[in-house]
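A.B. asks: Take this sequence and fold it.
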Amino acid sequence: MALLWPFATATVAINLFLLGLIGVSIGLSAITPVTALWLSLPLGLPATWLAARWVASLIAKADGAA
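C.D. replies: Next up, the predicted model:
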C-alpha cells in the first residue's frame, strides 16, 4: 500500500487542481497547484486505501480464474 501512496496522492492533487479550474467557470476563486498539493496529502490516504482494495480484488479475481 505504501508504494501506491505517491501515485494516488498525485492523482488527487491533479483532480483537485482541475476541479479548481472548473470552479473558476462558476465564479469561484482558482486553486493554486501548491494548494492542491497540500490538500492532496491528507486526501491521498483514503484514495490509496481504496486503490489498494481495488488492486487486491483484481488480484484475487485473477487468482480465482486461473
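
A.B. asks: Which helix runs longest in the chain?
C.D. replies: For the chain, the helix with the greatest residue count under DSSP state H is helix 33-65.

A.B. asks: Packing partners of that helix?
C.D. replies: Identification of packing neighbours for helix 33-65 by 3 or more Cβ pairs under 8 Å, 6 or more residues apart in numbering; DSSP states H and E yields helix 5-25. C-beta here means a position set from N, CA and C on the backbone, and glycine is covered the same way.

A.B. asks: Show me which parts of the longest helix of the chain are buried, residue by residue.
C.D. replies: 36-37, 39-40, 43-44, 47-48, 51-52 (16 or more other Cβ atoms under 10 Å).

A.B. asks: Name all residues that make contact with the residue positioned nearest the centre of the chain.
C.D. replies: Taking Cα atoms, centre = their mean, the centroid of the chain lies closest to V12, which sits 3.1 Å from it. V12 makes contact with 39-40, 43-44, 47, according to Cβ atoms under 8 Å, 6 or more residues apart in numbering.
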